[in-house]
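>>> any chance you can model this:
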Amino acid sequence: MTASPELNLPDPGAVQNVPVRLSRAGEAQVRRGHPWLFDGHIDSVRRDGAPGDRAILYDRRNKVVGIGLYDPGSPIRVRVFGRAPLAIDADLVAQRVRDACARRASILSDATTGVRLSHGPNDGLPGFVVDRYADTVVVKLYSAIWRPWLGVALAALAEASPHERLVVRLARAVTDDFAPLGLTDGSILAGPPLDGPVLFAENGIVFEAEPIVGQKTGFFLDQRDNRARVEQVSGGARVLNVFSYTGGFSVYAARGGATEVVSVDISKPAIAATERNLAHNAHHPTVASARHEGIARDAFEAMTALRDAGRRFDVVIIDPPSFAKRASEVDGALRAYARLTRLGLQVLADGGLAVLASCSSRVTPDAFFANALDTADRAGRPLRELERTGHAADHPIGFDEAAYLKCLFARG
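Numbers count the residues shown, from 1 in each chain. Next up, the predicted model:
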């Protein structure tokens, strides 16, 4: 439970302009529409700026080529909003929030009340992510640039997508930046307090979201379409869901007619949440009849034990957390994915379906898919690729690094 804080929101009218001269690499970054400028993209800054000040971006010929918001304490020094002659003001921020919500109008329905309303820079709102779970809206802030603009954005959000409760989550790197405003991670800015999860619907399936203490904003909406694909192929199947978290794939598989579902996650609370999500959907006869086994154990250990016990599954889903948050971790991540693929194939029945996913943005789609298929070939269990998929429709992709989610459907 979190009480509504007394906020001290700055006036966006007080922001100043910060002239920023770009390097050759920075100019190229802006011209190709990339939303991030790092130190190496900047030659000079003519005056000190505060988080959320307008960054006026000049090329080496002293011509204005773009505009963004300045963040002096972040490795991403400028979050780019667009090319010149764009002007960043309260009207622009509000309109972008309204436009982002409008783009999701066709997804929201009685059957689907969980949707991403803003996918950050891909909706022209860098560092500002919004997920809706029924009548609860969760805003996740990843940059201090939103300090002077938060009031404008939240007012537009309330207008464009009216809600009962508003929760603000803060990325770890910006908690100190928002503390002076009265914000902490998990602050409830509007609506009643929370004593537990909220319930929402996805394709007619009821799930719990944990807006205050859950990962990200409380659930992973990006896999919605891939979960629906798993449901379609689960009839009569034995299904293994590894890194199951709160059982998204598990519940879809059960509704799809799986006879047996095994969920593996190192977190005991996540396994308990999976059991509750199955119970929320017990009115579906197929969910009620599916046998479920929850295993709270390290994924590598659990899969090894299942292999050694002779367990085999018709569908094996492996959806781990990010293994590479920086470039130096990519090689290690690919080795971990290869090991998971080998273990998955060792518990996959002949002709079974492997569903292999990665949310590591540093690992490119080509590298991930090649790693999975090459590993299967070397293991003597070649995979026949059926489909490569990615994000759900409410997670649009506007630049290369935003395409973090990769998913392979293949027969083994």
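
>>> could you verify my assumption that Arg165 touches Val139?
No. Judged on C-beta atoms under 8 Å, Arg165 makes no contact with Val139 at a distance of 11.5 Å. Yep, even glycine has a C-beta here, placed from its N, CA and C like the rest.

>>> who does Glu260 bridge with?
Counting by DSSP bridges, Glu260 forms beta bridges with Arg238, Arg291.

>>> count the residues that sit near it.
17 (other C-beta atoms under 10 Å).

>>> mind listing the helices for the protein?
24-31, 90-103, 150-160, 175-178, 224-232, 248-255, 268-280, 285-289, 299-308, 330-346, 365-378 (DSSP state H).

>>> which elements pack onto the first one?
Helices and strands touching helix 24-31, by 3 or more C-beta pairs under 8 Å, 6 or more residues apart in numbering; DSSP states H and E, are strand 36-38, strand 64-70, strand 76-83.

>>> rerun that using 7 Å as the cut-off
Judged by 3 or more C-beta pairs under 7 Å, 6 or more residues apart in numbering; DSSP states H and E, helix 24-31 is in contact with strand 64-70.

>>> now the last one
On a contact count with 3+ C-beta pairs under 7 Å, 6+ apart, helix 365-378 meets helix 330-346, strand 406-411.

>>> give the rounded mean pLDDT of the first one.
Looking back up the chat, that one is helix 330-346. Mean pLDDT, helix 330-346: 96.

>>> for Val64, list each beta-bridge partner.
Beta-bridge partners recorded for Val64 (DSSP bridges): Tyr58.

>>> so it sits against Leu86, correct?
No. Using C-beta atoms under 7 Å, Val64 is not in contact with Leu86, being 9.8 Å away.

>>> the nearest residue to Leu117 once chain neighbours are set aside: how many residues sit nearby?
Nearest in space to Leu117, with sequence neighbours left out and distances taken as C-beta to C-beta, 6 or more residues apart in numbering, is Val130 at 4.1 Å. A count of nearby residues for Val130, using other C-beta under 10 Å, gives 27.

>>> most tightly packed of the helices of the chain?
Most buried of these by mean neighbour count (mean count of other C-beta atoms under 10 Å) is helix 248-255; its value is a mean of 29.

>>> separation between the residue nearest to Leu117 and Lys140?
Counting by C-beta to C-beta, to the nearest Å, the separation of Val130 from Lys140 is 7 Å.

>>> do the same with Ala153
To Lys140, Ala153 is 12 Å away according to C-beta to C-beta.

>>> over to Ala402?
15 Å.

>>> how about Phe300?
To Lys140, Phe300 is 30 Å away according to C-beta to C-beta.

>>> can you pull out the low-pLDDT segments for this structure?
Within the chain, the ranges that satisfy pLDDT under 70 run 1-6.

>>> got the domain ranges for it?
Residue ranges for each domain of the chain read 13-83, 90-195, 220-411, as given by automatic domain parsing.

>>> out of the ones you listed, the one nearest Leu7 is which?
Checking the domains of the chain against Leu7 by C-beta to C-beta gives domain 90-195 as the closest, at 4.8 Å.

>>> that closest one: end-to-end distance?
Terminal residues of domain 90-195 are spaced 35 Å apart (C-alpha to C-alpha, to the nearest Å).

>>> how far is that domain from where the chain is centred?
Relative to its chain's centre, domain 90-195 lies at 14 Å (C-alpha atoms, centre = their mean, to the nearest Å).

>>> and for stretch 211-219?
11 Å.

>>> how long is that stretch end to end?
8 Å.

>>> now what about it, what contacts it?
2, 114, 131, 133, 136, 138, 140, 167, 169, 186, 194, 198, 207, 209-210 (C-beta atoms under 7 Å, 6 or more residues apart in numbering).

>>> may I have the beta-bridge partners of Leu408?
On the basis of DSSP bridges, Leu408 takes part in beta bridges with Leu356, Arg388.

>>> which residues does it contact?
Counting by C-beta under 7 Å, 6+ apart, Leu408 touches 356, 369, 372, 385, 388.

>>> tell me how far the first one lies from Val316.
Spelled out, it's Leu356. Going from Leu356 to Val316 by C-beta to C-beta gives 8 Å.

>>> the fourth one too?
Relative to Val316, Glu385 is positioned 15 Å away (criterion: C-beta to C-beta).

>>> which one of these two has more residues nearby?
Neighbour tally, Glu385 and Val316, criterion other C-beta under 10 Å: the higher count belongs to Val316, 29 against 15.

>>> let me know the distance separating that one from Ala309.
Taking C-beta to C-beta, one finds Val316 at 15 Å from Ala309.

>>> what of Arg227?
Distance, Arg227 to Ala309, using C-beta to C-beta: 27 Å.
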